[in-house]
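S.K.: just the structure for this:
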Amino acid sequence: MKISEQIKAAGFCLDSINNSSDCLLLSFDQEYRITGCNEESYRLLKLRPEQLLGQKLNQPLKLGYLQTLIMQNYCFKGQPLLIDGRQHFCDFSPLEQNNLSTGGLLAVYREEQRATRTPDLPDLLSTLKQHSFFHDDSLILVNPEGIITLINQSFADPLGIRAIQMIGKHVLQAYPNSSPSRLPVVMETGQSEEAEPHMLNGHNAVVSRYPLLKDGKMIGALGKILFHDIRELTRLTDKFHAFINQPEKMKKPAQHGGHHFKYDCNSIIGQSPVMKDLKGKLLRIAQRPSNVLLTGESGTGKELFAHAIHAASKRRHAPFVRVNCAAIPEQLMEAELFGYVDGAFTGARRGGQTGKFEQAHSGTIFLDEISEMPPHMQAKMLRVLQEKEVTPLGSTQTRKLDIRVIAATNVTLEQQVAEGKFRTDLYYRLNVIALEIPPLRDRREDIYFITKHLIDNFNGEFDLNIQGLTDDAWKILKSYNYPGNIRELRNAVESAFNMANGPLLDAADLPQHIRLKFGVQATCSPQVPPSKEFFSCIGQKPLQEIMEELEQHLLEATLDKTGGNKMSAANLLGISRPGLYKKLNKFNLN
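M.R.: Numbers count the residues shown, from 1 in each chain. The predicted structure follows:
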């Protein structure tokens, strides 16, 4: 797509630039490599468009602090940029597809082309503490005329629009279904307004507004959303009041009944391009509130990704509740998910039970194997997602919910929808953001890193010191197709640990079904028939004594073979190091 077509498709407005046809236009991908450029590049940078293609954005341009804004996906206008010692200005807008960043558009122009005056970021940083600017979630900046000159998508999300639709507009005309912005009032009075309620898109939010002054002159105003919904603040206040009013011995952090994440993004092992891209998407979507559908074959690590999404989200300190829809009997699923009150049915627990949805309130619920949910439960699940409320069995009172749903399946839900086995409306409610986890055979370069990680883990578990695999074993592991994916690789490495008799895992140590595919047989040492002296003790000594003597001889021979190295001896015998020491003590061989 030509850069002019990209600008039109993205809605990137150049109205604030005089003679915009004379400005430098650049498009770049999510790795910040230039993918498009117009002919103005030669006049400004002395480089032809074809020379710029493929370069990182910060190679031809010294972006400085602007790179941070671009990486954090802020929309901005009129920020200063030095080229060959001469001040220019630039506008930026991120490009998105399906709520995921795909790159951005940058317009660079001369000072005389600057139609809208914008507070420069260096001036802002002299007014505000740097951390208060960069680390807030939802920000908007206006110039003295009230024109929006900087905004991020986190601010636009509660309004239900894209940041690029707001940039360049007057702030009083930019908020749909909302109370008028008070940023012009703040600039008029020069007084900050902190933690004030404000209606945004039909919801009561909590916001702060700050006038920006330089040398006593008003240069703009900054707005921040502290809480997208005032109920978040109410819940937080209730928690603090409850905590303060507890006895001192009760003031311990809540454990969410064991419902917390075990893994984060760093737990996902993989250096392949597809996994790097997937982890990048994970970190972006984690910050958004939308539901996520994880798809992929069995054993690819869908639950690991669910944990990681929760861990990277704003809900990380709230519960993470896991539900396996295939493991709950159909007749119990409603009670498990929605809970029940005292006396709701025969055999109900006294006092009732809180359902999984309520347990996940303010956090995330992970519904694994969602395709196994019975049809009647799919209808009830749809209501929970639509109305954000739940009614326990035996109760007439509904309870409001604030949850994010992450669902996972190893089957093709589209096919189940077509066959009438899964509700179409529920499918679209769950499939707001879809992440497909690739099978291990499609990212073979990750097998090495995952195997090394597993060896480190099993060394601790088995108390061994396996240093790696032989060349033959590596060749097999890298060539095998893994229908069971990472789960099968883990099984293969653990099986090899149990069979290992040296510092390296050999091809013969791998599970039989894998070895036979590559024509490798298990190796055994040639059997040496026992000596006549060995048989002569039969009838002369009890069996236990004979076996202990044999065990002692084996220990002595092994230590002799390893030169006294006890770790190697334990590996050769296939026992743990503590187990070896115990046997050495038994026979006084220390």
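
S.K.: pretty sure G202 contacts S179?
M.R.: No. Using CB atoms under 8 Å, G202 is not in contact with S179, being 10.4 Å away. In this view, the C-beta of every residue, glycine as well, is placed from N, C-alpha and C.

S.K.: contacting residues for E414?
M.R.: Residues near E414 by CB atoms under 8 Å, 6 or more residues apart in numbering: Y427.

S.K.: how about low-confidence regions in the stretch 1-150 of the chain?
M.R.: 1, 16, 18, 20, 98-100, 116-137 (pLDDT under 70).

S.K.: ranges for the strands of it?
M.R.: 24-29, 34-37, 74-83, 86-97, 100-110, 139-142, 148-152 (DSSP state E, counting those that start in this stretch).

S.K.: quick one: which of the ones you listed is nearest R162?
M.R.: strand 86-97 (7.3 Å; CB to CB).

S.K.: neighbouring strands - and their directions - for that closest one?
M.R.: strand 74-83 (antiparallel), strand 100-110 (antiparallel) (DSSP bridges).

S.K.: please list the outside residues in contact with the longest one.
M.R.: This points to strand 100-110. With contact meaning CB under 8 Å, 6+ apart, strand 100-110 is reached by 3, 6-7, 10, 12, 14, 17, 20, 22-30, 32, 35, 44, 57, 61, 70, 73, 81, 83, 88-96, 281, 284-285, 433.

S.K.: just stretch 381-392 next, same as before
M.R.: With CB under 8 Å, 6+ apart, stretch 381-392 has contacts from 291, 337-341, 344, 352, 355, 357-358, 373, 397-403, 405, 423, 425-426, 429-430.

S.K.: repeat the analysis, applying 7 Å as the threshold.
M.R.: Contact with stretch 381-392 is made by 338-341, 352, 355, 357-358, 373, 398-401, 405, 423, 425-426, 429, as judged by CB atoms under 7 Å, 6 or more residues apart in numbering.

S.K.: then that stretch to PDB, C-alphas only?
M.R.: Listed next in PDB are the C-alpha coordinates belonging to stretch 381-392 (Å, rounded to 0.1, in the frame of the first residue of the first chain):
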ATOM      1  CA  MET A 381     -22.500 -17.600  30.000                       C
ATOM      2  CA  LEU A 382     -23.700 -15.100  27.300                       C
ATOM      3  CA  ARG A 383     -25.800 -13.200  29.800                       C
ATOM      4  CA  VAL A 384     -22.900 -12.900  32.200                       C
ATOM      5  CA  LEU A 385     -20.700 -11.400  29.400                       C
ATOM      6  CA  GLN A 386     -23.500  -9.100  28.200                       C
ATOM      7  CA  GLU A 387     -24.900  -7.800  31.500                       C
ATOM      8  CA  LYS A 388     -21.800  -8.200  33.700                       C
ATOM      9  CA  GLU A 389     -23.900  -9.700  36.500                       C
ATOM     10  CA  VAL A 390     -24.500 -13.200  38.000                       C
ATOM     11  CA  THR A 391     -27.400 -14.700  39.900                       C
ATOM     12  CA  PRO A 392     -26.400 -17.600  42.300                       C
END
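
S.K.: how about that stretch: buried residues?
M.R.: The neighbour-count check on stretch 381-392 (16 or more other CB atoms under 10 Å) flags M381, L382, V384, L385, V390, T391, P392 as buried.

S.K.: chain center to that stretch: distance?
M.R.: Put simply, stretch 381-392 sits 26 Å off its chain's centre (CA atoms, centre = their mean, to the nearest Å).

S.K.: quick one: the strands in the stretch 401-550 of the chain?
M.R.: Applying DSSP E, counting those that start in this stretch to the stretch 401-550 of the chain gives strands spanning 404-409, 433-436, 468-469, 504-505.

S.K.: in which helix or strand does S154 reside?
M.R.: Element membership of S154, judged by DSSP states H and E, is helix 153-156.

S.K.: circling back to that earlier point, which among the contacts of strand 100-110 end up buried?
M.R.: For the contacts of strand 100-110, a burial check counting by 16+ other CB under 10 Å picks out 3, 6-7, 10, 12, 14, 17, 20, 23-28, 30, 32, 35, 44, 57, 61, 70, 73, 81, 83, 88-96, 281, 284-285, 433.

S.K.: I34 - how many residues pack around it?
M.R.: Neighbour count for I34, taken as other CB atoms under 10 Å: 23.

S.K.: wait, what's in contact with it?
M.R.: L26, F28, L52, L53, G54, Q55, L57.

S.K.: wait, which of these is closest to L505?
M.R.: Using CB to CB, G54 comes nearest to L505 of these, at 42.1 Å.

S.K.: surely that closest one meets Y32?
M.R.: No. Using CB atoms under 7 Å, G54 is not in contact with Y32; the gap is 11.3 Å.

S.K.: so which of the strands of the stretch 1-150 of the chain is nearest Q540?
M.R.: Per CB to CB, nearest to Q540 of the strands of the stretch 1-150 of the chain: strand 100-110, 79.2 Å.

S.K.: now that closest one: how far from the chain's centre is it?
M.R.: On CA atoms, centre = their mean, the centre of strand 100-110 falls 25 Å from that of its chain.

S.K.: do stretch 271-285 as well
M.R.: With CA atoms, centre = their mean, you get 8 Å for stretch 271-285.

S.K.: outside of that stretch, which residues touch it?
M.R.: If you take CB under 7 Å, 6+ apart as the criterion, stretch 271-285 is touched by 99-101, 265, 268, 292, 305, 308-309, 312, 433, 435, 438, 443, 445-446, 449.

S.K.: can you give me the buried ones in stretch 174-184?
M.R.: A174, Y175, S178, S181, R182, L183, P184.

S.K.: find the nearest non-adjacent residue to the third one, please.
M.R.: Counting by CB to CB, 6 or more residues apart in numbering, L200 is the residue found nearest to S178 once chain neighbours are left out, at 4.9 Å.

S.K.: for that neighbour, what are phi and psi?
M.R.: Torsion angles at L200 (phi, psi; degrees, to the nearest 10) stand at phi -120, psi 110.

S.K.: any idea how many residues pack against it?
M.R.: 24.

S.K.: who's in contact with it?
M.R.: L200 makes contact with P158, L159, Y175, S178, according to CB under 7 Å, 6+ apart.

S.K.: including secondary structure, could the buried residues of stretch 174-184 go into TSV?
M.R.: Output for those, formatted as TSV (DSSP: H, G, I helix; E, B strand; the rest coil):
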residue	secondary structure
A174	coil
Y175	coil
S178	coil
S181	coil
R182	coil
L183	helix
P184	helix
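
S.K.: return the item of those residues having minimum pLDDT.
M.R.: Across the buried residues of stretch 174-184, the smallest pLDDT goes to S178, namely 85.

S.K.: surely it touches N204?
M.R.: No. Counting by CB under 7 Å, S178 does not reach N204; the two are 10.7 Å apart.

S.K.: how many residues are close by the nearest residue to G301 once chain neighbours are set aside?
M.R.: Using CB to CB, 6+ apart and skipping the chain neighbours, the partner closest in space to G301 is I486 (5.6 Å). I486 is flanked by 21 other residues according to other CB under 10 Å.
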